[in-house]
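Peer 1: Compute the structure for the input listed below.
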Amino acid sequence: MSFKINDLVNKVTGDYQIKGIVRSVFTKCNGETRLVVEHNAEGGGSFLHIYGPSNLVLLTEDEQA
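Peer 2: Okay, here's the model as predicted:
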């Protein structure tokens, strides 16, 4: 799957799931794609996390609400 800036995504791997917005897509020196996703923090504000594409799924319009 190809992601782009401003896509709404859900992190689906690991111990937790969290929705976020893709803020950057880049390629590492070895050719692997990475995405910077902004998540809303529970206490206010937000934080950024870097993921590989296999950790994320694109949200459908119904899931975005």
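Peer 1: okay, CA-based contacts and neighbour counts for the rest of this
Peer 2: Fine.
Peer 1: so where is the protein shaky, pLDDT-wise?
Peer 2: 64-65 (pLDDT under 70).
Peer 1: and the strand ranked longest in the chain, what other elements does it pack with?
Peer 2: For the chain, the longest strand by residue count, based on DSSP state E, is strand 18-27. When contacts are defined as 3 or more Cα pairs under 8 Å, 6 or more residues apart in numbering; DSSP states H and E, strand 18-27 packs onto strand 8-11, strand 33-40.
Peer 1: Ok, which of those comes nearest residue 55?
Peer 2: Of all these, strand 8-11 sits nearest to residue 55, with 5.6 Å by Cα to Cα.
Peer 1: residues touching the nearest residue to residue 58 once chain neighbours are set aside, list them.
Peer 2: Nearest residue to residue 58 in three dimensions, chain neighbours excluded: residue 9, at 4.5 Å (Cα to Cα, 6 or more residues apart in numbering). Residue 9 sits next to 19-22, 56-59 when contact means Cα atoms under 8 Å, 6 or more residues apart in numbering.
Peer 1: just residue 50 next, same as before
Peer 2: 34-37 are the contacts of residue 50 under Cα under 8 Å, 6+ apart.
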